[in-house]
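S.K.: only geometry, no sequence info:
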């Protein structure tokens, strides 16, 4: 039969397996309590990050939104300039493609 030390090792191995099974079945919270309510911080290192990457998510959103309005205004100015070109007869198609795109 088996010596007593081998039986003890088998029992210990079963106990370790049961402990790991119970620990893996427990679900951990996605956000730790210490992290709740804190402002989003960039995950990249600040040493090699660009100016835009170091900003918070809210500031990035505001900058992108402002640029969207600026470029939309420029688009409208250019479109009106195209419509005023003498001999330009495709204004309806220009408006159609603006709505389509």
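M.R.: Perfect, I can see it now. This structure is a prediction, so every number in the text was calculated from the model and none was measured. Residues are numbered from 1 along each chain as shown.
S.K.: pull the longest helix from the chain.
M.R.: When every helix of the chain is counted residue by residue (DSSP state H), the longest turns out to be helix 57-83.
S.K.: contacts for stretch 61-69?
M.R.: Taking contacts as CB atoms under 8 Å, 6 or more residues apart in numbering, the residues outside stretch 61-69 that touch it are 52, 55. Bear in mind the C-beta positions are built from the backbone N, C-alpha and C, glycine included.
S.K.: for it, what is the average pLDDT?
M.R.: The predicted model gives stretch 61-69 an average pLDDT of 96.
S.K.: how about the helices in the chain?
M.R.: Listed in chain order (using DSSP H), the helices of the chain are 4-25, 51-54, 57-83, 91-100.
S.K.: worst average pLDDT in the ones you listed?
M.R.: Within those, confidence is poorest for helix 4-25, with a mean of 57 (mean pLDDT).
S.K.: quick one: end-to-end length of stretch 76-94, please.
M.R.: Using CA to CA, to the nearest Å, the span of stretch 76-94 from its first residue to its last is 12 Å.
S.K.: likewise for stretch 80-94?
M.R.: With CA to CA as the measure, stretch 80-94 spans 10 Å from end to end.
S.K.: contact partners of it?
M.R.: Outside of stretch 80-94, the residues that reach it under the criterion CB under 8 Å, 6+ apart are residue 79.
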